[in-house]
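**Student:** Turn this into a model:
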Amino acid sequence: MTTHKLTLDNGTAVHFRNLKPEDLDKLMMFYKALPEEDRRFLRIDVTNRDVVRKRLELMTEGQVVRLVAVRDDDKSIIADGALDLSPEDWRKNQAEMRVIVSRDYQRQGLGMFMMKELTEIAHERKVELLVCKMMKEQRSARKICQKLGFRKKQIIPGYVVDMFGDHHSLLIMTRKVSDAWGDLKNIYTTSDWRRHR
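**Tutor:** Numbers count the residues shown, from 1 in each chain. Below you'll find the predicted structure:
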């Protein structure tokens, strides 16, 4: 992918690029700096280095596309995004999207930009349906998805467990890639990386 750059509202210059296996140390620093409340709803224990390393190995198998947002000054990772491509024939038309942003850089459009980049990749790979899964309590994630036109597909009560062992309802939201890509092109263009207001 072409590296894209943007300047956040607080003046921080960042760029998006593909995650690399050698980014493991930087990725662990990013994860460990997340507040416990943000890590609570993640599907894996991101503080476990072995677990994170195994997730990185999926990239080499072609099952997952991973992007990161990196500060230009100190090269630290401030956002992580993934597009899971299903290896199953009956779901090869789908891809699951996941994004997590550092607390210090939330509410500055970074999550929206990351989802735009992942949608572009899904479009290039001829994915037809984007899927976002989250615990019902993840209100910020739900709000971003709604802004991007994702709609509730299903809620499964008590289906998942957070890092503290508490049960939660799983919310599944979907959006057709063709519709999402058309809308995003109207909001952002590759030559104008300012936030649309």
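**Student:** which residues sit in contact with the nearest residue to residue 171 once chain neighbours are set aside?
**Tutor:** The shortest distance from residue 171 to any residue other than its chain neighbours is 4.9 Å, reached at residue 136 (C-beta to C-beta, 6 or more residues apart in numbering). The way it works is simple: take the backbone N, C-alpha and C, and place the C-beta from them, glycine included. For residue 136, the contact set (C-beta atoms under 8 Å, 6 or more residues apart in numbering) comprises 142, 155, 168-171.
**Student:** Kindly report the same for residue 10.
**Tutor:** Counting by C-beta under 8 Å, 6+ apart, residue 10 has contacts residue 108.
**Student:** In three-state terms, label it for me.
**Tutor:** coil (DSSP: H, G, I helix; E, B strand; the rest coil).
**Student:** those helices in the protein, which residues are they?
**Tutor:** 24-33, 36-39, 49-60, 110-124, 139-147, 177-187 (DSSP state H).
**Student:** Relative to residue 81, which of these is closest?
**Tutor:** helix 110-124 (4.2 Å; C-beta to C-beta).
**Student:** what sits opposite residue 70 in the beta ladder?
**Tutor:** Counting by DSSP bridges, residue 70 is bridged to residue 15, residue 77.
**Student:** gap between it and residue 33?
**Tutor:** Using C-beta to C-beta, to the nearest Å, we find residue 70 at a distance of 14 Å from residue 33.
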